[in-house]
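Asker: This is a predicted model, with the sequence first.
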Amino acid sequence: MKKLSQSISVFLFPVQLFIEDMELLEKVYKENCESCTIRTEEYELESIEELKKLDIKTFSWVEFNSQNPYISLVISSVHTMIYSSEHDVKSTGIITKLKDILTSRRSPFIYSVSTWSWIIGGCTIILMFLSFQNFILSNTTVSYTVLGLELLSLIVQAFLLKFGNAKFSVVYLKSKNDKSNFFTEHKNLFIAGVITLIVQLLFLWIKQSIFIGV
């Protein structure tokens, strides 16, 4: 009779990692495992130093794999998963160290985009219904408040529909203290937001003028 070894699977929220975080993860692997490889969607590498040499500077999927013990860490925009083929003291200790690093790097996109899309969509419909009611339009302050909330809901809904299926970057090959390129990296989103804001304000102003004239 032979007792079968048990595995360990740990699922965490998506994370947002910078180069310092990746180096900490690599250090855990190198200090506790015989060998370690890093995989992206296009490459298999032996170290973070090799990763730094790539022309690609952001990743939506990265995987660490080790031997003796075998421990896999998958970092993606959907979830973060740690798997160990052995349920022993050493493997458990390694997983704990990895979790300590990852849980403090939780991504801002931790909730289901589809769930928020339904919620915001429902709020938008309710606000659009209220904005067409005469008793709302009879009070200028309340009217513009509701129209402003409607505008915000439409912008958020448009964002969710546009980026809901996108693979968000989870690994950045830059320091977490480097904030200088944030606007540059997201300029298209900012421009789209400004254009949407102008168009919606124009639409709501026309609608308000029509109701006041009735």
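Answerer: Received the coordinates, thanks.
Asker: Would you indicate which residues of the host helix or strand of K97 are buried?
Answerer: Using DSSP states H and E, K97 falls within helix 89-102. For helix 89-102, a neighbour-count test (16 or more other CB atoms under 10 Å) marks 91, 94-95, 97-98, 101-102 as buried. Glycine gets a C-beta too; all of them are placed from N, C-alpha and C.
Asker: What's the mean pLDDT across that helix?
Answerer: For helix 89-102, mean pLDDT rounds to 95.
Asker: do the same with stretch 38-49
Answerer: 94.
Asker: now swap in stretch 6-15 and tell me
Answerer: 90.
Asker: Now do that stretch: everything it contacts.
Answerer: 75-87, 91-92, 95, 99, 102-103, 105-107, 109-110, 168, 170 (CB atoms under 8 Å, 6 or more residues apart in numbering).
Asker: ok, back up a step: with the buried residues of helix 89-102 in mind, which one is nearest to Q16?
Answerer: L102 (10.3 Å; CB to CB).
Asker: From L51, how far out is the closest one?
Answerer: Taking CB to CB, to the nearest Å as the measure, L102 falls 17 Å from L51.
Asker: do the same with I19
Answerer: For I19, the distance to L51 - CB to CB - is 9 Å.
Asker: Name the residues contacting each of these two.
Answerer: Contacts common to I19 and L51, judged by CB under 8 Å, 6+ apart, are L173.
Asker: just the strands in this protein please.
Answerer: For the chain, the strands defined by DSSP state E cover 8-12, 35-39, 44-45, 58-59, 61-67, 71-76, 80-84, 171-172.
Asker: any chance of those strands in CSV, plus distance to L25?
Answerer: Output for the strands of the chain, formatted as CSV (distance: least, CB to CB, whole Å):
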stretch, distance to L25
strand 8-12, 13
strand 35-39, 9
strand 44-45, 13
strand 58-59, 13
strand 61-67, 6
strand 71-76, 7
strand 80-84, 11
strand 171-172, 10
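Asker: can I get the ones you listed in JSON lines with mean neighbour count and distance to Y29?
Answerer: As requested, the strands of the chain are exported to JSON lines (neighbours: other CB atoms under 10 Å; distance: least, CB to CB, whole Å):
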{"stretch": "strand 8-12", "mean neighbour count": "14", "distance to Y29": "16"}
{"stretch": "strand 35-39", "mean neighbour count": "16", "distance to Y29": "4"}
{"stretch": "strand 44-45", "mean neighbour count": "14", "distance to Y29": "13"}
{"stretch": "strand 58-59", "mean neighbour count": "18", "distance to Y29": "17"}
{"stretch": "strand 61-67", "mean neighbour count": "17", "distance to Y29": "5"}
{"stretch": "strand 71-76", "mean neighbour count": "21", "distance to Y29": "8"}
{"stretch": "strand 80-84", "mean neighbour count": "20", "distance to Y29": "12"}
{"stretch": "strand 171-172", "mean neighbour count": "20", "distance to Y29": "15"}
